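J.: sequence plus the predicted model coming up.
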Amino acid sequence: MSKPVFLGLIAAMLGLGLLAVACGGDGNGGNGGGDGVLNDIAAQRGLTPEDMKHALQQFVPPGKYDDYVMFSSGGHSGQLLVVGMPSMRILKQIAVFTPEPWQGYGYGADWGDKVLKEGNREGTDLTWGDTHHPAISETAGEYDGRWIYIQDRANGRMAMIDLADLRVKQIVAVPNIQTSHGGMFVTPNSEYVHVSSKFPMPWPPGTYADVSEYKEKFRGASTWLKIDQATGRINLKESFQVEIPPYTQDLADAGKKVSEGFGFIGSFNTEMATGGVDAEGKPEPLEAGASKNNFDFLHVVNWKKGEEVVKAGKAEEMNGIKVIRLDTAIKEGVLHLIPEPKSPHGADVDPSGRYIVVGGKLDPNVTIFDFNKVKQAIDSKDYEGKDVFGVPILKFDSVVAAQVEVGAGPLHTQFDSQGHGYTSMFLASAIAKFTLGEDVVKTGEEPFKRIETIPVHYNIGHLATAEGDTVSPDDNYMVALNKWSIDRFAPLGPLHPQNFQLIDLKGGNGPMELLADMPIGMGEPHYTQIMKADKLKALEVYLPGTDALTMERSEFAIEAGQEKVERDGNHVEAWMTAQRSHFTPDILRVKQGEHVMLHITNIEQTRDATHGFAIADYNIQASLEPGETATFEFTADKPGAYNFYCTEFCSALHLEMAGWLLVEPSAAAAANP
Ligand code: K7E
Ligand code: CUA
């Protein structure tokens, strides 16, 4: 299409001339002569004018970049997805808790094997995780594109992904918790990444207790994992935990601006039900027992105070981390509770830091707390009493700002910069938009009022606005993370993909408009954060000889011409290079039973010039990215002539990029074939 014609089309569409013609106009509306083509396409494909407008809004031309990158959890796939927005194209899947052969993660190369191994709690050998809540590092409350953290719901672990190369660098088994869920956020200057326990476990950790002693023996923990500012790694020695009651702690958010220094953690099951039977011995399913109370507790944790308590030596060391025991947390004013209705799920802090929005799954309202009032109530000890553990409970009426009726099953809330909250409603399969307090509403609308609702398809969990968890969200896009897709796509068996839906927020001025569906056939995404794409400053290639784990030059890195093989008794060690289209050396002779170390440097410095390295029957598969040096260590226990080859189609002679691992049978094996 020539440029003038194309511009004519755009002009036509912007002037809505297209809408008129596609609605049955004559197709010659004087719009530059191109609208006929568009009309023909629309007619052929059965598209409405609305469809065409939405397509244009979402379209990113070939070769052009998206405005945003979206980092989405992969649920029990254990991985992290990178999606371009608004095009909703999947750009990458980052292997985190689950071995992944494309990235050579967990298939013999030292980087992945080390990360996975070190991420195991003692005595475990985990090969999966359940990723829920990603959190991008922040500076002054803005996503800064340095690192991203994601937690393992199933096994209470935390992973750090370096956004320089979008590879996982560290998995930490968080001490003293067994599971984790929504208590996941980064503080506004990335001092800490926070994670709390989901289901409490017997304390002191390492002991056993029956659930009949749940109240006495089980405890949770609010964990503040210290982030090393140079590397993004978690430093357990400088981290701390706050012991918390055995309520089931759930979603959480960081205080920001006025509330910086605090964390807010919702909970359910303050009933402390355990399933099985109730106090009278009657069968009581966990979900029934956990839904009796009209109020559960929002936990208010003062982490700055927590730091002081630790510094003052009032914390106990337990399994490698400082723990502020519950009694100390109460005495030092680190922990307060606020009644929140009713079996809540989301707890979200607005960009001003003043409002904390709680969605009670079994309550049609969102409850909005005012941090200024919370602070006042804490300072003046305005308590309605204490819970059974002695934790002070602030008076609900003293700290609530408003309740807004949104609809059935409110879960999570996101914000724009105009003073609006957007709450997902699982039961209603919809998103409600409402106003916050007068001080933040910029549109002249009445405060604390529901404004509109948009249906989504279907059963929405989280939702995310662009730059949504920062102090300055953008007002253009929102993504709904829907659990079910039912009839939205071609039938694909009993399990359908989850469905992301892209919604236009129109600068916060609404009405909200659904632009596109995006099926996710690779995991169960829970939450996503959406960052401006230009904040992602990823490397194009590694500096020559980089160890992907440390990001420093590997001690095993070599240049072309330095390849060698050394043997010492039963140990064979080879320094190899990979370059289009050759491994050097390409013949490796070892004896059955020998211990083998291969250090392979991809000496390429060209973007995408990745070479794979795979050996049949040895379960070895790597992705050696340009500039990377990796080490493979194995025992040559299977005799035979094994072809190794490059798994990436890297060059015209890619199929020739291969060699031999010759494992000569031992004398014993040769004698008894
Ligand atoms: Cu609501 Cu795990 Cu954040 Cu799923 S969680 S929805
Ligand atoms: Cu290297 Cu294919």
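T.: Received it, and whenever you're ready, just let me know what you need. Ligands and ions are numbered 1, 2, ... in the order given.

J.: S424 in helix, strand or coil?
T.: At S424, secondary structure determined by DSSP: H, G, I helix; E, B strand; the rest coil is strand.

J.: need the contact partners of the helix or strand hosting G346.
T.: Counting by DSSP states H and E, the secondary-structure element that holds G346 is strand 344-349. In this structure, residues lying in contact with strand 344-349 by C-beta atoms under 8 Å, 6 or more residues apart in numbering are 182, 250-256, 259, 264-268, 296, 298, 340, 355-361, 363, 367, 371, 410-415, 421, 423-424. The way it works is simple: take the backbone N, C-alpha and C, and place the C-beta from them, glycine included.

J.: ok now it, how far from the chain's centre?
T.: Chain-centre distance of strand 344-349: 17 Å, with C-alpha atoms, centre = their mean, to the nearest Å.

J.: swap in stretch 379-390?
T.: Stretch 379-390 sits 35 Å away from the centroid of its parent chain (C-alpha atoms, centre = their mean).

J.: could you pull out the buried residues of that stretch?
T.: Judged by neighbour count using 16 or more other C-beta atoms under 10 Å, the buried positions of stretch 379-390 are D382, Y383, F389.

J.: give the rounded mean pLDDT of whatever helix or strand K375 lives in.
T.: According to DSSP H and E, K375 maps onto helix 371-379. Model confidence over helix 371-379, given as mean pLDDT, is 98.

J.: same thing with stretch 161-181?
T.: Here the mean pLDDT over stretch 161-181 is 97, rounded to a whole number.

J.: the helices in this structure, which residues?
T.: Listed from the start of the chain, the chain has helices (DSSP state H) covering 3-14, 17-22, 35-45, 49-58, 110-118, 214-217, 286-289, 303-311, 326-331, 371-379, 396-399, 667-671.

J.: stretch 93-102 and ligand 2, are they touching?
T.: No. When contact is scored as C-beta under 6 Å from any ligand atom, no part of stretch 93-102 falls within range of ligand 2; the minimum is 13.8 Å.

J.: which positions in that stretch come out as buried?
T.: Here stretch 93-102 shows Q93, I94, A95, V96, F97, T98, P99, E100, P101 as buried, counting by 16+ other C-beta under 10 Å.

J.: my guess is the second one contacts V83, does it?
T.: Just to be clear, that refers to I94. No. Counting by C-beta atoms under 8 Å, I94 does not reach V83; the two are 11.5 Å apart.

J.: for the nearest residue to W203 once chain neighbours are set aside, give me the pLDDT.
T.: In space, not counting the residues next to it along the chain, W203 is nearest to R219; the distance is 4.0 Å by C-beta to C-beta, 6 or more residues apart in numbering. The confidence metric pLDDT takes the value 98 at R219.

J.: and for the one 5 residues further on?
T.: In the predicted model, W224 carries a pLDDT score of 98.

J.: what's the separation between it and E260?
T.: Spatial separation of W224 from E260 under the definition C-beta to C-beta, to the nearest Å is 14 Å.

J.: more neighbours, the two?
T.: Per other C-beta atoms under 10 Å, whichever of W224 and E260 has more neighbours is W224, with 27 against 17.

J.: so who does the more buried one touch?
T.: With contacts taken as C-beta under 8 Å, 6+ apart, W224 has the following neighbours: Y192, H194, S239, F240, Q241, V242, W303, G306.

J.: try 7 Å this time
T.: W224 makes contact with Y192, H194, S239, F240, W303, G306 under the criterion C-beta atoms under 7 Å, 6 or more residues apart in numbering.

J.: ok, now Q592?
T.: By C-beta under 7 Å, 6+ apart, the residues touching Q592 are A636, D637, P639, V663, E664, P665, S666, A669.

J.: for the protein, which residue gets nearest to ligand 1?
T.: Ligand 1 sits closest to G461 of the chain, with a gap of 2.7 Å, by C-beta to the nearest ligand atom.

J.: show me what contacts D469?
T.: With the criterion set at C-beta under 7 Å, 6+ apart, D469 makes contact with Q529.

J.: next, it: phi, psi?
T.: According to degrees, to the nearest 10, the main-chain angles of D469 amount to phi -100, psi 10.

J.: coming back round to it: ranking the contacts of W224 by neighbours, who comes first?
T.: Per-residue neighbour counts (other C-beta under 10 Å) across the contacts of W224 peak at G306, which has 27 neighbours.

J.: ok, it touching F240?
T.: Yes. Taking contact to mean C-beta atoms under 7 Å, the distance of 6.1 Å between G306 and F240 places them in contact.

J.: re earlier: so which of the buried residues of stretch 93-102 belong to strands?
T.: The subset of the buried residues of stretch 93-102 located in strands under the criterion DSSP state E comprises Q93, I94.

J.: pick the one among the buried residues of stretch 93-102 closest to D125.
T.: Checking the buried residues of stretch 93-102 against D125 with C-beta to C-beta, the nearest one is P99 at 11.8 Å.

J.: now the closest one, nearest residue through space, not along the chain?
T.: The spatially closest residue to P99, leaving aside those adjacent along the chain, is G106, at 2.8 Å (C-beta to C-beta, 6+ apart).
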